[in-house]
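Novice: Predicted model and sequence below, questions to follow.
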Amino acid sequence: MSDSTPRSSLGAFSLYFCKTEMEVATVVAGQALVGLLLTVEVRAQSPEEAGIIARREIGPHVPDTPLGFVNSRE
């Protein structure tokens with residue numbers, strides 16, 4: 001398989017804090033700049049805490065990927 005041949009996988013993504021699971025698909029084909037907006041529901045006392053919890057849950061599953069907090073709502 002050459003570097004330009006797309007590779008894909010299907011699987012499940014478990015969120016420890018929420019005790020839920022989501023189906024996910026991953027497709028990799030060479031290099032690209034990709035933006036992905038995820039919606040994560042967490043129980044938190046403040047928007048800052050919500051961002052911390054979301055990054056803690058998602059971060060280990062996307063190593064070497066910078067995560068940013070967009071917004072929070074109650």
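Specialist: That came in fine, so what should we check first?

Novice: For the closest residue to residue 44 other than its chain neighbours, the count of nearby residues, please.
Specialist: The shortest distance from residue 44 to any non-neighbouring residue, by CB to CB, 6 or more residues apart in numbering, is to residue 50 (3.9 Å). In this view, the C-beta of every residue, glycine as well, is placed from N, C-alpha and C. Number of residues near residue 50 (other CB atoms under 10 Å) recorded here: 20.

Novice: mean confidence for the host helix or strand of residue 50?
Specialist: Taking DSSP states H and E as the criterion, the element that holds residue 50 is helix 47-58. Across helix 47-58, the average pLDDT comes to 89.

Novice: if I pick the residue nearest to residue 44, what's in contact with it?
Specialist: Residue 50 makes contact with 42, 44, 72 under the criterion CB atoms under 8 Å, 6 or more residues apart in numbering.

Novice: Show me which of those residues are buried.
Specialist: Listed as buried from the contacts of residue 50 are residue 42; burial here means 16 or more other CB atoms under 10 Å.

Novice: Could I get the contacts of residue 50 in a markdown table, plus columns for secondary structure, distance to residue 55 and pLDDT?
Specialist: Shown next, in a markdown table, are the contacts of residue 50 (DSSP: H, G, I helix; E, B strand; the rest coil; distance: CB to CB, whole Å; pLDDT from 0 to 100):
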| residue | secondary structure | distance to residue 55 | pLDDT |
| --- | --- | --- | --- |
| 42 | coil | 10 | 87 |
| 44 | coil | 12 | 91 |
| 72 | coil | 12 | 80 |
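
Novice: got TSV for the contacts of residue 50, with distance to residue 57 too?
Specialist: What follows is these, written out as TSV (distance: CB to CB, whole Å):
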residue	distance to residue 57
42	8
44	12
72	15
